[in-house]
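Q: need coordinates for the below:
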Amino acid sequence: MTKTLIQFENVTKRFGKMIAVDNVSLSIDEGEFFALLGPSGCGKTTLLRMLAGFETPSEGRILIDGVDVSRVPPNKRPVNMVFQSYAVFPHMSVADNVAYGLTIEGVAATERDRRVEEALALVKLDGLGGRKPDQLSGGQRQRVALARALIKRPRVLLLDEPLSALDAKLREQMRSELAQLQDKVGITFLIVTHDQDEALAMASRCAVMNRGLLQQVATPSDLYEFPNSRFVADFIGSVNMFEGRLLVDEQDHAVVETKELPTKIFLDHGVSGAQASTVWVALRPEKIELHKRADGAPPPCIEDTPVDHNVAAGVIRHITYLGSESVFDVEVTGGRTVRALRSNLTRWDQEDFVGGEAVWLAWHPCSPAVLLS
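A: Numbers count the residues shown, from 1 in each chain. Okay, here's the model as predicted:
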């Protein structure tokens, strides 16, 4: 049974007249890898800093393991933080950097050395304790900061945009390493990031914020597949968004009509909307099939889809080759551009379609998400 470790209860933070965090209530479980996700200025870093003790809530409470820490000094909280800049001391060796917190606490040298060795092994820096930070790569300096935070055995490790200073390939490597590290040490990790891929790849749950408000809390797959608003759908990954009118809403299917597509959108589930109300359909590019128009006829109807639904003719206006996949911008009848993504399963897949070619777009009835706001 999971145990709640962190609770934000109706937390608000004001800076003058500006509300940075607006009445946020949120629970995070012990041992969870949790991500606070959102655009710059959404309030996620302020929420993290309040948990760390660097800011005080204007209203509400923050509890760790049932204890109100809202006004407890940072050094008295069972948390430690890894900053975006790493904040390692350039004049100290790696080992001295990692041992710094224990040195301040007066831990005996023998115990300190043993724990430094364990921490360096944990972050794969064995044998590098004698080096200075400027003799390390960016990824290695990141690991020094992690080891320094973990050596004090906090209940919660706070990570503020920890990978933003790394190049793309190293960022991807560190995502995997951080997830494995969290699983190994078993403590609660709370990461703040504006990078959707980063959050989806590492976190067990994510909270999406916007303008100080909590928009949705869910697992990465639920955020991506079942967003609860246009903001979340648009912020998480790439999406085609269509405004439409709900024509049919039955328990087992729904139909949406939109002026932006020359086809009705059929869904294999109800959406609980008011008849004829305005809705928005979110359709991910990778869920759209691309078909050639060899004889000018539409492709065979996708299983469980009525004829003339979920299929639209168009012309390829642009192709972006990304190695493992290609992105197609297709202009459909009426002028709307729809983005489709296709995996390149062989070396020659990208040559199957060319710019200016007439094609058909089609999608399964369980692919779109229908949003009421």
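
Q: CA atoms for contacts and neighbours, from now on please.
A: Noted.

Q: what packs against the helix or strand where residue 312 lies?
A: Mapping residue 312 onto the secondary structure by DSSP states H and E places it in strand 311-321. Packing partners of strand 311-321 (3 or more CA pairs under 8 Å, 6 or more residues apart in numbering; DSSP states H and E): strand 325-332, strand 358-363.

Q: what about the shortest one, distance to the chain center?
A: Read that as strand 358-363. Strand 358-363 sits 30 Å away from the centroid of its parent chain (CA atoms, centre = their mean, to the nearest Å).

Q: residues in contact with it: which ones?
A: Applying CA atoms under 8 Å, 6 or more residues apart in numbering, the set of residues contacting strand 358-363 from outside is 287-293, 298-299, 302, 310-316.

Q: repeat the analysis, applying 7 Å as the threshold.
A: The list of residues contacting strand 358-363 from outside it, by CA atoms under 7 Å, 6 or more residues apart in numbering, reads 287-293, 298, 310-316.

Q: farthest pair within those?
A: Distances among the contacts of strand 358-363 were taken as CA to CA; the most separated pair is 287 and 293, at 19.1 Å.

Q: quick one: the strands in the stretch 151-300 of the chain, in order.
A: 156-160, 188-193, 205-210, 213-218, 240-249, 254-257, 265-267, 278-283, 288-292 (DSSP state E, counting those that start in this stretch).

Q: dump the ones you listed into CSV; add distance to residue 129 and mean pLDDT as well.
A: Putting the strands of the stretch 151-300 of the chain into CSV (distance: least, CA to CA, whole Å; pLDDT from 0 to 100) gives the following:
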stretch, distance to residue 129, mean pLDDT
strand 156-160, 22, 90
strand 188-193, 25, 92
strand 205-210, 35, 96
strand 213-218, 40, 96
strand 240-249, 50, 92
strand 254-257, 62, 92
strand 265-267, 59, 92
strand 278-283, 50, 93
strand 288-292, 51, 92
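
Q: mean neighbour count and distance to residue 140 added to these, as TSV?
A: Conversion of the strands of the stretch 151-300 of the chain to TSV gives the following (neighbours: other CA atoms under 10 Å; distance: least, CA to CA, whole Å):
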stretch	mean neighbour count	distance to residue 140
strand 156-160	23	16
strand 188-193	24	19
strand 205-210	23	27
strand 213-218	18	32
strand 240-249	19	39
strand 254-257	22	52
strand 265-267	25	49
strand 278-283	22	40
strand 288-292	18	41
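
Q: reformat those as CSV; add distance to residue 176.
A: Listed next are the strands of the stretch 151-300 of the chain as CSV, based on distance: least, CA to CA, whole Å:
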stretch, distance to residue 176
strand 156-160, 15
strand 188-193, 14
strand 205-210, 16
strand 213-218, 21
strand 240-249, 29
strand 254-257, 40
strand 265-267, 36
strand 278-283, 28
strand 288-292, 29
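
Q: so for residue 306, which of those sits nearest?
A: Each of the strands of the stretch 151-300 of the chain has some distance to residue 306 by CA to CA; the shortest is strand 265-267, at 7.6 Å.

Q: neighbouring strands - and their directions - for that closest one?
A: Its sheet considered, strand 265-267 pairs with strand 254-257 (antiparallel) by DSSP bridges.

Q: so which residues make contact with the partner strand?
A: 244-249, 264-271.

Q: that one: how far from the chain's middle?
A: For strand 254-257, the distance from its own C-alpha centre to the chain's C-alpha centre is 30 Å (CA atoms, centre = their mean).

Q: just the CA coordinates of that strand, formatted as PDB?
A: What follows is the C-alpha trace of strand 254-257 in PDB, where atoms were taken according to Å, rounded to 0.1, in the frame of the first residue of the first chain:
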ATOM      1  CA  ALA A 254     -19.900   9.800 -31.000                       C
ATOM      2  CA  VAL A 255     -19.700  11.900 -34.100                       C
ATOM      3  CA  VAL A 256     -18.100  15.400 -34.400                       C
ATOM      4  CA  GLU A 257     -18.400  17.700 -37.400                       C
END
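
Q: residues contacting residue 224?
A: With contact taken as CA under 7 Å, 6+ apart, residue 224 is in contact with residue 236.

Q: ugh, wrong one, I meant residue 303
A: Residue 303 is in contact with no residue at all, counting by CA under 7 Å, 6+ apart.

Q: ok, now with 8 Å
A: If you count contacts by CA under 8 Å, 6+ apart, residue 303 has them with residue 364.

Q: helix/strand/coil for it?
A: Put simply, residue 303 is coil when judged by DSSP: H, G, I helix; E, B strand; the rest coil.

Q: again, but for the one 3 residues further on
A: At residue 306 the chain is in coil, as set by three-state DSSP.

Q: residue 240 versus that one, what's the distance?
A: Distance of residue 306 to residue 240, given as CA to CA, to the nearest Å: 22 Å.
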